[in-house]
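In: take this sequence and fold it.
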Amino acid sequence: LLALMMGFVGWVFLVWVPSRPGSGPRRAAVLPDTLEVAFRKAQASATNIFQYVLTIDGDGAAVELHDLANGRHFAGPRKEIDGKLTAALARSIRETGFFTLSRQYVGQSPDSYDLLDISVTIGAQTHRATVLNAPEPAEFEAVRKALEEFGYNEFGLAAWAYSREELVK
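Out: Predicted structure coming up:
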């Protein structure tokens with residue numbers, strides 16, 4: 001309900017608030033390997049909701065994780081990332097064939113919700129692909145794994161791969 005209300009408020013703002021000519025955002029010249037990523041992984045079942053969100057925008061990144069069943073939450077501060085690292089990540093994403101994927105892959109799962117949503121901009125090229133309750137195409141899986149590994153390595157989140165019980169042992 002809250003999301004619906006926020007969407008309505010946003011729509012009203014866009015439709016009813018007049019804009020001034022020339023007041024739109026100004027973009028600097030785009031470099032060939034400039035990388036921007038928005039990655040969201042959400043898995044929900046009757047027993048848990050897990051969410052992983054990673055954003056990369058040129059010189060920085062931020063990650064957020066939530067695991068309700070285990071009571072774990074992480075919302076780290078934005079971290080500056082070396083441009084060589086993001087350029088290498090951009091090249092590897094380009095090589096996967098991500099930009100050739102369809103926009104949506106949708107399946108059915110009556111007992112769970114499994115969403116993977118990746119939006120990538122490299123230079124002037126942008127593509128978004130979403131997988132909902134369906135098997136991932138190989139190109140999508142390669143990018144997802146690279147982004148998850150990037151987030152875990154850059155933010156030191158290797159312990160998230162283990163349950164609370166395994167960490168206490």
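
In: give the residue spans of this structure that score low on pLDDT.
Out: 1-33, 158-169 (pLDDT under 70).

In: tell me which stretches of it form helices.
Out: Counting by DSSP state H, the chain has helices at residues 2-16, 83-96, 138-154, 164-168.

In: wait, residue 61 touches residue 54, no?
Out: Yes - in this structure, residue 61 is within contact of residue 54 by Cβ atoms under 8 Å, at 6.8 Å. The C-beta positions use only the backbone N, C-alpha and C, and glycine is treated the same way.

In: find residues that contact each of these two.
Out: Common neighbours of residue 61 and residue 54 are listed as 150, 151 (criterion: Cβ atoms under 8 Å, 6 or more residues apart in numbering).

In: residue nearest the centroid of this structure?
Out: Most central residue of the chain, judged by C-alpha distance to the mean C-alpha position with Cα atoms, centre = their mean, is residue 39 at 1.0 Å.

In: how close does it sit to residue 53?
Out: Taking Cβ to Cβ, to the nearest Å as the measure, residue 39 and residue 53 are separated by 7 Å.

In: residue 70 too?
Out: Separation of residue 70 from residue 53 (Cβ to Cβ): 17 Å.

In: need the contact list for the residue nearest to residue 62 when sequence neighbours are not counted.
Out: In space, not counting the residues next to it along the chain, residue 62 is nearest to residue 78; the distance is 4.5 Å by Cβ to Cβ, 6 or more residues apart in numbering. Under the criterion of Cβ under 8 Å, 6+ apart, the neighbours of residue 78 are 60, 61, 62.

In: of the residues you listed, buried ones?
Out: Buried subset of the contacts of residue 78 (neighbour count, 16 or more other Cβ atoms under 10 Å): 61, 62.

In: among the contacts of residue 78, which are in strands?
Out: In this view, the contacts of residue 78 that belong to strands under DSSP state E are 60, 61, 62.
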